[in-house]
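Asker: here is my input; please provide its structure:
(chains A and B, ligands or ions: 1)
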Amino acid sequence: MKGVLLSGGTGSRLRPITHTGPKQLVPVANKPVLEYAVEDFKAAGITEIGVILGHKGRDEIQDLLGDGSKYGVDITYIVQGNPLGLAHAAGCARDFVGDDDFVMYLGDNILKSGITDLVESFEAGDYGAGIALQRVDDPQAFGIADVDENGNVTELIEKPDDPPTNLALIGMYVFSPAVFDAIDNLEPSWRGELEITDAIQSLLEDGYEIDSHVVTGWWKDTGKPEDILEANRLVLEETNLTTDGTVAEDATTDGRVGLAESATIEDGAVVRGPVSIAENTTVKSGTYVGPYSSIGANVTLSNIHIENSVVIGDSEITASGRIVDSLIGRSANVESTDGLLPEGRRLVVGENSQLKL
Amino acid sequence: MRIITHTCPDCGTVVAANELESNRVMKCPGLGCQAVLRFDDLPEDARDHFLDNRERYQI
Ligand SMILES: [Zn+2]
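Answerer: Numbering: from 1, shown residues only, chains lettered A, B, ... in the order given. Sure, this is the predicted structure:
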(Lines give C-alpha, C1' and ligand atoms only; values in the text may rest on other atoms or scores of the structure.)
Protein backbone atom coordinates (compact mmCIF):
# COMPACT_ATOMS: atom_id res chain seq x y z
CA MET A 1 0.00 0.00 0.00
CA LYS A 2 1.31 3.43 -0.97
CA GLY A 3 0.07 6.93 -0.20
CA VAL A 4 -0.73 9.78 -2.54
CA LEU A 5 -1.04 13.13 -0.82
CA LEU A 6 -2.62 16.00 -2.74
CA SER A 7 -0.96 19.33 -2.06
CA GLY A 8 -1.99 21.44 -5.01
CA GLY A 9 -4.82 23.92 -5.34
CA THR A 10 -4.92 27.68 -5.17
CA GLY A 11 -6.31 28.16 -1.68
CA SER A 12 -8.44 31.04 -2.96
CA ARG A 13 -10.95 30.71 -0.12
CA LEU A 14 -8.15 31.24 2.40
CA ARG A 15 -6.89 34.55 1.05
CA PRO A 16 -5.07 36.63 2.13
CA ILE A 17 -3.30 33.89 4.11
CA THR A 18 -2.64 31.92 0.92
CA HIS A 19 -1.23 34.88 -1.02
CA THR A 20 2.11 33.95 0.47
CA GLY A 21 1.96 30.19 0.77
CA PRO A 22 0.02 27.03 0.09
CA LYS A 23 -3.14 26.32 2.08
CA GLN A 24 -1.78 22.96 3.22
CA LEU A 25 0.83 24.72 5.36
CA VAL A 26 -1.58 26.80 7.42
CA PRO A 27 -1.02 25.67 11.01
CA VAL A 28 -3.62 23.97 13.16
CA ALA A 29 -2.56 23.74 16.81
CA ASN A 30 0.83 25.03 15.61
CA LYS A 31 1.36 22.23 13.12
CA PRO A 32 0.91 22.57 9.35
CA VAL A 33 -2.26 20.80 8.18
CA LEU A 34 -0.20 18.67 5.78
CA GLU A 35 1.77 17.09 8.62
CA TYR A 36 -1.38 15.54 10.05
CA ALA A 37 -1.85 13.65 6.79
CA VAL A 38 1.75 12.42 6.74
CA GLU A 39 1.35 11.21 10.32
CA ASP A 40 -1.90 9.44 9.45
CA PHE A 41 -0.15 7.60 6.62
CA LYS A 42 2.64 6.56 8.97
CA ALA A 43 0.16 5.39 11.60
CA ALA A 44 -1.57 3.25 8.96
CA GLY A 45 1.77 1.64 8.09
CA ILE A 46 2.10 3.52 4.78
CA THR A 47 5.62 4.85 4.40
CA GLU A 48 5.99 5.34 0.64
CA ILE A 49 4.19 8.60 -0.09
CA GLY A 50 3.86 10.48 -3.36
CA VAL A 51 3.21 14.16 -2.76
CA ILE A 52 1.35 15.84 -5.62
CA LEU A 53 2.44 19.43 -6.21
CA GLY A 54 0.44 21.98 -8.19
CA HIS A 55 1.65 25.39 -9.29
CA LYS A 56 1.59 27.01 -5.90
CA GLY A 57 3.87 26.68 -2.89
CA ARG A 58 6.02 23.84 -4.17
CA ASP A 59 9.20 25.08 -2.55
CA GLU A 60 7.52 25.63 0.80
CA ILE A 61 6.01 22.15 0.77
CA GLN A 62 9.32 20.55 -0.20
CA ASP A 63 11.10 22.62 2.47
CA LEU A 64 8.71 21.33 5.11
CA LEU A 65 8.45 17.66 4.16
CA GLY A 66 11.92 17.16 2.67
CA ASP A 67 12.56 13.52 1.79
CA GLY A 68 10.18 12.47 4.56
CA SER A 69 12.90 11.02 6.79
CA LYS A 70 12.01 13.29 9.71
CA TYR A 71 8.58 11.63 9.73
CA GLY A 72 9.94 8.13 9.15
CA VAL A 73 8.50 7.99 5.62
CA ASP A 74 9.91 8.11 2.10
CA ILE A 75 8.54 10.93 -0.06
CA THR A 76 8.52 11.14 -3.86
CA TYR A 77 7.34 14.38 -5.45
CA ILE A 78 4.91 14.36 -8.33
CA VAL A 79 4.48 17.66 -10.17
CA GLN A 80 0.98 17.84 -11.56
CA GLY A 81 1.27 21.45 -12.68
CA ASN A 82 -2.12 22.40 -14.10
CA PRO A 83 -4.97 21.51 -11.72
CA LEU A 84 -6.86 19.17 -14.04
CA GLY A 85 -8.82 17.41 -11.31
CA LEU A 86 -8.39 14.77 -8.62
CA ALA A 87 -8.43 11.94 -11.14
CA HIS A 88 -5.69 13.68 -13.12
CA ALA A 89 -3.65 14.00 -9.92
CA ALA A 90 -4.14 10.31 -9.22
CA GLY A 91 -3.23 9.49 -12.83
CA CYS A 92 0.02 11.44 -12.51
CA ALA A 93 0.95 9.05 -9.67
CA ARG A 94 0.70 5.95 -11.89
CA ASP A 95 4.46 5.39 -12.30
CA PHE A 96 5.00 6.00 -8.60
CA VAL A 97 2.24 3.63 -7.51
CA GLY A 98 3.01 0.83 -9.97
CA ASP A 99 1.10 -2.36 -9.16
CA ASP A 100 0.32 -1.42 -5.55
CA ASP A 101 -2.90 -0.26 -3.97
CA PHE A 102 -2.85 3.30 -2.71
CA VAL A 103 -4.63 5.72 -0.41
CA MET A 104 -5.40 9.16 -1.79
CA TYR A 105 -5.58 11.84 0.87
CA LEU A 106 -6.46 15.50 0.36
CA GLY A 107 -3.70 17.47 2.06
CA ASP A 108 -5.97 20.17 3.43
CA ASN A 109 -8.19 17.68 5.29
CA ILE A 110 -7.90 16.61 8.91
CA LEU A 111 -9.52 13.45 10.16
CA LYS A 112 -9.83 12.65 13.84
CA SER A 113 -9.63 8.92 13.46
CA GLY A 114 -6.91 8.73 10.79
CA ILE A 115 -7.05 6.30 7.86
CA THR A 116 -6.17 2.95 9.45
CA ASP A 117 -9.78 1.71 9.55
CA LEU A 118 -10.37 2.78 5.95
CA VAL A 119 -7.29 0.83 4.84
CA GLU A 120 -8.17 -2.27 6.88
CA SER A 121 -11.72 -2.30 5.57
CA PHE A 122 -10.43 -2.14 1.98
CA GLU A 123 -7.85 -4.86 2.57
CA ALA A 124 -10.43 -7.21 4.07
CA GLY A 125 -12.06 -7.72 0.67
CA ASP A 126 -11.28 -7.77 -3.01
CA TYR A 127 -12.23 -4.25 -3.98
CA GLY A 128 -11.51 -1.96 -6.89
CA ALA A 129 -11.67 1.03 -4.55
CA GLY A 130 -12.75 2.10 -1.08
CA ILE A 131 -14.25 5.42 -0.13
CA ALA A 132 -14.60 7.19 3.19
CA LEU A 133 -18.07 8.48 3.96
CA GLN A 134 -19.53 10.62 6.68
CA ARG A 135 -23.15 11.19 7.65
CA VAL A 136 -24.19 14.77 6.96
CA ASP A 137 -27.30 16.80 7.69
CA ASP A 138 -27.54 18.38 4.23
CA PRO A 139 -26.84 15.61 1.70
CA GLN A 140 -28.10 17.80 -1.15
CA ALA A 141 -24.86 19.77 -0.82
CA PHE A 142 -22.48 16.82 -1.21
CA GLY A 143 -21.43 13.95 -3.39
CA ILE A 144 -23.52 11.12 -1.93
CA ALA A 145 -23.02 7.34 -2.00
CA ASP A 146 -25.72 4.72 -1.96
CA VAL A 147 -24.59 1.46 -0.34
CA ASP A 148 -26.03 -2.04 0.00
CA GLU A 149 -26.40 -4.04 3.22
CA ASN A 150 -22.75 -5.17 3.01
CA GLY A 151 -21.49 -1.62 2.80
CA ASN A 152 -20.67 -1.97 -0.91
CA VAL A 153 -21.24 1.18 -2.92
CA THR A 154 -23.99 0.86 -5.53
CA GLU A 155 -24.11 4.41 -6.84
CA LEU A 156 -22.48 7.82 -6.54
CA ILE A 157 -24.59 10.93 -7.03
CA GLU A 158 -23.33 14.50 -7.07
CA LYS A 159 -25.53 16.89 -5.03
CA PRO A 160 -28.74 14.89 -5.46
CA ASP A 161 -32.15 16.56 -5.24
CA ASP A 162 -33.54 13.40 -3.71
CA PRO A 163 -30.64 11.81 -1.80
CA PRO A 164 -30.92 8.04 -1.23
CA THR A 165 -28.68 8.29 1.88
CA ASN A 166 -26.99 10.99 3.93
CA LEU A 167 -23.54 9.42 3.37
CA ALA A 168 -21.22 12.06 1.88
CA LEU A 169 -17.85 11.43 0.24
CA ILE A 170 -15.18 13.14 2.30
CA GLY A 171 -12.14 13.03 0.06
CA MET A 172 -10.27 9.98 1.35
CA TYR A 173 -10.01 7.07 -1.03
CA VAL A 174 -8.25 3.73 -1.42
CA PHE A 175 -7.65 2.48 -4.94
CA SER A 176 -6.45 -0.64 -6.61
CA PRO A 177 -4.29 -0.02 -9.67
CA ALA A 178 -7.41 -0.78 -11.78
CA VAL A 179 -8.30 2.88 -11.31
CA PHE A 180 -5.56 3.97 -13.72
CA ASP A 181 -7.21 2.38 -16.74
CA ALA A 182 -10.52 3.87 -15.62
CA ILE A 183 -8.88 7.31 -15.48
CA ASP A 184 -7.32 6.85 -18.92
CA ASN A 185 -10.81 6.38 -20.32
CA LEU A 186 -12.35 9.43 -18.62
CA GLU A 187 -13.37 12.59 -20.40
CA PRO A 188 -13.08 15.97 -18.66
CA SER A 189 -16.26 17.14 -16.94
CA TRP A 190 -18.11 20.37 -17.70
CA ARG A 191 -15.53 22.20 -15.58
CA GLY A 192 -12.63 20.77 -17.59
CA GLU A 193 -11.45 18.43 -14.84
CA LEU A 194 -11.06 14.68 -14.60
CA GLU A 195 -13.39 13.83 -11.73
CA ILE A 196 -12.45 11.12 -9.25
CA THR A 197 -16.12 10.24 -8.75
CA ASP A 198 -16.35 9.50 -12.51
CA ALA A 199 -13.38 7.14 -12.15
CA ILE A 200 -15.08 5.32 -9.25
CA GLN A 201 -18.36 5.17 -11.18
CA SER A 202 -16.50 3.64 -14.11
CA LEU A 203 -14.97 0.98 -11.82
CA LEU A 204 -18.49 0.17 -10.61
CA GLU A 205 -19.73 -0.17 -14.18
CA ASP A 206 -16.81 -2.47 -14.96
CA GLY A 207 -17.98 -4.79 -12.19
CA TYR A 208 -15.54 -3.91 -9.43
CA GLU A 209 -16.81 -3.89 -5.87
CA ILE A 210 -16.37 -0.56 -4.11
CA ASP A 211 -15.95 -0.65 -0.35
CA SER A 212 -17.27 2.08 1.90
CA HIS A 213 -16.13 3.08 5.34
CA VAL A 214 -18.24 5.41 7.46
CA VAL A 215 -16.06 7.78 9.47
CA THR A 216 -17.57 8.51 12.85
CA GLY A 217 -15.10 10.99 14.38
CA TRP A 218 -14.87 14.54 13.09
CA TRP A 219 -13.49 15.41 9.70
CA LYS A 220 -12.56 18.89 8.59
CA ASP A 221 -11.77 20.34 5.19
CA THR A 222 -9.69 23.39 6.09
CA GLY A 223 -10.51 25.38 2.98
CA LYS A 224 -11.85 28.51 4.68
CA PRO A 225 -10.73 30.64 7.65
CA GLU A 226 -13.62 29.48 9.84
CA ASP A 227 -12.66 25.87 9.05
CA ILE A 228 -9.12 26.52 10.29
CA LEU A 229 -10.51 27.88 13.56
CA GLU A 230 -12.85 24.93 13.91
CA ALA A 231 -10.09 22.40 13.16
CA ASN A 232 -7.84 24.21 15.61
CA ARG A 233 -10.53 23.89 18.28
CA LEU A 234 -11.10 20.20 17.57
CA VAL A 235 -7.39 19.36 17.61
CA LEU A 236 -6.64 21.39 20.76
CA GLU A 237 -9.54 19.65 22.45
CA GLU A 238 -7.78 16.32 22.30
CA THR A 239 -4.12 16.84 21.55
CA ASN A 240 -1.54 16.26 24.23
CA LEU A 241 -0.32 19.68 25.46
CA THR A 242 2.70 20.03 27.71
CA THR A 243 4.05 23.10 29.44
CA ASP A 244 7.79 23.02 28.74
CA GLY A 245 8.39 26.77 28.73
CA THR A 246 8.68 29.33 31.49
CA VAL A 247 5.65 30.40 33.50
CA ALA A 248 6.44 33.29 35.82
CA GLU A 249 5.40 33.06 39.45
CA ASP A 250 2.72 35.73 39.17
CA ALA A 251 1.30 34.49 35.89
CA THR A 252 -2.00 32.60 35.96
CA THR A 253 -2.58 29.50 33.91
CA ASP A 254 -5.31 26.94 34.04
CA GLY A 255 -6.51 24.15 31.81
CA ARG A 256 -4.13 22.48 29.41
CA VAL A 257 -1.45 24.88 28.21
CA GLY A 258 1.02 23.78 25.54
CA LEU A 259 4.06 26.02 25.95
CA ALA A 260 7.22 25.45 23.90
CA GLU A 261 10.47 25.30 25.80
CA SER A 262 11.64 28.72 24.66
CA ALA A 263 8.26 30.41 25.19
CA THR A 264 7.39 32.52 28.23
CA ILE A 265 4.29 33.57 30.11
CA GLU A 266 5.26 36.62 32.15
CA ASP A 267 3.98 37.96 35.48
CA GLY A 268 0.47 39.39 35.26
CA ALA A 269 -0.54 37.36 32.18
CA VAL A 270 -3.49 34.95 32.21
CA VAL A 271 -3.60 31.87 29.96
CA ARG A 272 -6.58 29.57 29.97
CA GLY A 273 -6.32 26.33 28.01
CA PRO A 274 -6.60 24.48 25.85
CA VAL A 275 -3.99 26.67 24.22
CA SER A 276 -0.84 26.06 22.20
CA ILE A 277 2.02 28.56 22.31
CA ALA A 278 5.05 28.00 20.06
CA GLU A 279 8.79 28.72 20.28
CA ASN A 280 10.19 32.12 21.26
CA THR A 281 6.79 33.59 21.93
CA THR A 282 6.20 35.84 24.91
CA VAL A 283 2.90 36.48 26.65
CA LYS A 284 3.37 39.72 28.55
CA SER A 285 1.69 41.28 31.54
CA GLY A 286 -1.94 42.33 31.09
CA THR A 287 -2.54 39.77 28.36
CA TYR A 288 -5.29 37.17 28.38
CA VAL A 289 -5.02 34.14 26.10
CA GLY A 290 -8.27 32.23 26.16
CA PRO A 291 -9.33 28.72 25.20
CA TYR A 292 -8.83 27.32 21.70
CA SER A 293 -6.06 29.70 20.74
CA SER A 294 -2.87 28.73 18.95
CA ILE A 295 -0.09 31.29 19.02
CA GLY A 296 2.75 30.60 16.57
CA ALA A 297 6.47 31.15 16.97
CA ASN A 298 8.17 34.50 17.53
CA VAL A 299 5.07 36.36 18.67
CA THR A 300 4.79 38.99 21.35
CA LEU A 301 1.39 39.38 22.99
CA SER A 302 0.92 42.36 25.23
CA ASN A 303 -2.27 43.85 26.77
CA ILE A 304 -4.42 41.97 24.31
CA HIS A 305 -7.34 39.68 25.18
CA ILE A 306 -7.35 36.91 22.57
CA GLU A 307 -9.37 33.73 22.37
CA ASN A 308 -10.53 31.10 19.88
CA SER A 309 -7.97 32.42 17.40
CA VAL A 310 -4.93 31.34 15.41
CA VAL A 311 -1.87 33.57 15.18
CA ILE A 312 0.44 32.01 12.60
CA GLY A 313 3.70 33.58 13.79
CA ASP A 314 6.26 36.44 13.75
CA SER A 315 3.70 38.96 14.99
CA GLU A 316 3.51 41.77 17.54
CA ILE A 317 0.03 41.98 19.00
CA THR A 318 0.05 44.74 21.55
CA ALA A 319 -3.27 46.58 21.23
CA SER A 320 -5.50 46.67 24.28
CA GLY A 321 -8.72 45.14 23.03
CA ARG A 322 -10.42 41.83 22.46
CA ILE A 323 -9.63 39.60 19.51
CA VAL A 324 -11.92 36.61 19.02
CA ASP A 325 -12.50 34.06 16.24
CA SER A 326 -9.59 35.48 14.23
CA LEU A 327 -6.90 34.17 11.92
CA ILE A 328 -3.84 36.39 11.87
CA GLY A 329 -1.26 35.80 9.13
CA ARG A 330 2.50 35.65 9.43
CA SER A 331 4.26 38.90 10.35
CA ALA A 332 0.96 40.76 10.72
CA ASN A 333 1.08 43.23 13.62
CA VAL A 334 -1.82 44.58 15.65
CA GLU A 335 -0.66 47.54 17.69
CA SER A 336 -2.21 50.20 19.85
CA THR A 337 -3.15 53.69 18.68
CA ASP A 338 -2.62 55.06 22.19
CA GLY A 339 -0.94 58.46 22.00
CA LEU A 340 -1.50 58.85 18.27
CA LEU A 341 -3.43 61.84 16.96
CA PRO A 342 -5.84 62.28 15.33
CA GLU A 343 -7.80 59.49 16.97
CA GLY A 344 -8.75 56.60 14.75
CA ARG A 345 -7.73 53.21 13.50
CA ARG A 346 -4.77 52.90 11.22
CA LEU A 347 -4.78 50.05 8.79
CA VAL A 348 -2.39 48.74 6.21
CA VAL A 349 -4.46 45.87 4.90
CA GLY A 350 -3.60 43.54 2.06
CA GLU A 351 -5.75 42.27 -0.77
CA ASN A 352 -8.63 40.01 0.30
CA SER A 353 -8.23 40.81 4.00
CA GLN A 354 -11.37 40.86 6.13
CA LEU A 355 -11.71 43.10 9.14
CA LYS A 356 -14.69 43.51 11.46
CA LEU A 357 -14.08 46.61 13.58
CA MET B 1 -7.93 11.20 -21.16
CA ARG B 2 -4.39 10.00 -21.48
CA ILE B 3 -2.20 11.27 -18.67
CA ILE B 4 1.40 11.75 -19.72
CA THR B 5 4.19 12.00 -17.19
CA HIS B 6 7.95 11.66 -17.15
CA THR B 7 9.83 10.10 -14.25
CA CYS B 8 13.29 11.46 -13.47
CA PRO B 9 15.75 8.60 -14.04
CA ASP B 10 17.98 9.87 -11.21
CA CYS B 11 15.54 10.47 -8.33
CA GLY B 12 12.08 9.20 -9.28
CA THR B 13 10.38 12.58 -9.20
CA VAL B 14 7.44 12.59 -11.58
CA VAL B 15 6.60 15.57 -13.81
CA ALA B 16 3.39 15.94 -15.83
CA ALA B 17 3.67 16.67 -19.56
CA ASN B 18 2.05 20.09 -19.26
CA GLU B 19 4.82 21.15 -16.92
CA LEU B 20 7.57 19.76 -19.17
CA GLU B 21 6.06 21.32 -22.24
CA SER B 22 5.74 24.76 -20.71
CA ASN B 23 9.38 24.67 -19.64
CA ARG B 24 10.80 22.61 -22.53
CA VAL B 25 14.00 22.17 -20.46
CA MET B 26 13.93 22.19 -16.67
CA LYS B 27 16.02 21.25 -13.70
CA CYS B 28 14.46 18.25 -12.00
CA PRO B 29 12.24 19.53 -9.16
CA GLY B 30 13.33 16.63 -6.94
CA LEU B 31 15.17 17.74 -3.80
CA GLY B 32 18.90 17.98 -4.43
CA CYS B 33 18.58 16.40 -7.88
CA GLN B 34 20.74 17.89 -10.62
CA ALA B 35 19.13 16.03 -13.52
CA VAL B 36 17.82 18.04 -16.45
CA LEU B 37 14.39 17.04 -17.74
CA ARG B 38 13.18 17.82 -21.27
CA PHE B 39 9.86 17.58 -23.01
CA ASP B 40 11.84 15.74 -25.70
CA ASP B 41 12.61 12.97 -23.17
CA LEU B 42 9.00 11.79 -23.63
CA PRO B 43 8.39 9.10 -26.26
CA GLU B 44 7.46 10.54 -29.65
CA ASP B 45 3.87 9.24 -29.56
CA ALA B 46 3.33 10.82 -26.13
CA ARG B 47 4.68 14.16 -27.35
CA ASP B 48 2.53 14.06 -30.47
CA HIS B 49 -0.55 13.12 -28.46
CA PHE B 50 0.07 15.95 -26.03
CA LEU B 51 0.67 18.54 -28.73
CA ASP B 52 -2.37 17.39 -30.74
CA ASN B 53 -4.58 17.69 -27.65
CA ARG B 54 -2.79 20.50 -25.90
CA GLU B 55 -5.91 22.49 -25.03
CA ARG B 56 -7.22 19.58 -22.93
CA TYR B 57 -4.13 19.74 -20.75
CA GLN B 58 -4.60 23.44 -19.97
CA ILE B 59 -7.13 24.91 -17.61
ZN1 LIG C 1 15.48 14.06 -10.35
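
Asker: so the nearest residue to residue B:3 once chain neighbours are set aside, which of the three states?
Answerer: Excluding its sequence neighbours, the residue lying closest to residue B:3 (CB to CB, 6 or more residues apart in numbering or on different chains) is residue A:91, at 3.6 Å. For the C-beta atoms, the positions are set from N, CA and C on the backbone; glycine is no exception. State at residue A:91, reduced to three classes by DSSP: H, G, I helix; E, B strand; the rest coil: helix.

Asker: where does residue A:91 land on pLDDT?
Answerer: Turning to residue A:91, the model gives it a pLDDT of 96.

Asker: how many residues are close by it?
Answerer: Using other CB atoms under 10 Å in any protein chain shown, residue A:91 has 26 neighbouring residues.

Asker: contacting residues around it?
Answerer: By CB atoms under 8 Å, 6 or more residues apart in numbering or on different chains, the contact set of residue A:91 is A:180, A:183-184, A:194, B:3.

Asker: run through the chain and note the low-pLDDT ranges.
Answerer: Chain wasn't specified; assuming chain A. For chain A, no stretch is flagged by pLDDT under 70.

Asker: that was the other one, I meant chain B.
Answerer: B:59.

Asker: helices - which of the contacts of residue A:91 land there?
Answerer: The helices in this structure, assigned by DSSP state H, contain A:180, A:183-184 from those.

Asker: out of the contacts of residue A:91, who's near the ion?
Answerer: For the ion, no contacts are drawn from the contacts of residue A:91 by CB under 5 Å from the ion.

Asker: grab the longest helix from chain B for me.
Answerer: Longest helix in chain B, counting by DSSP H: helix B:44-52.

Asker: look up how far residue A:133 lies from the nearest residue to residue A:327 once chain neighbours are set aside.
Answerer: The shortest distance from residue A:327 to any non-neighbouring residue, by CB to CB, 6+ apart, is to residue A:225 (4.7 Å). Separation of residue A:225 from residue A:133 (CB to CB, to the nearest Å): 26 Å.

Asker: so between those two, which is more surrounded?
Answerer: Using other CB under 10 Å as the criterion, residue A:225 and residue A:133 rank with residue A:133 on top: 24 against 19.

Asker: assign that one to helix, strand or coil.
Answerer: Quick answer, by three-state DSSP: residue A:133 is strand.

Asker: bridging residues for it?
Answerer: residue A:169, residue A:214 (DSSP bridges).

Asker: if I pick it, what's in contact with it?
Answerer: Residue A:133 touches A:145, A:147, A:167-170, A:212-215, counting by CB under 8 Å, 6+ apart.

Asker: the same query, at a cut-off of 7 Å, please.
Answerer: A:145, A:167-170, A:212-215 (CB atoms under 7 Å, 6 or more residues apart in numbering or on different chains).
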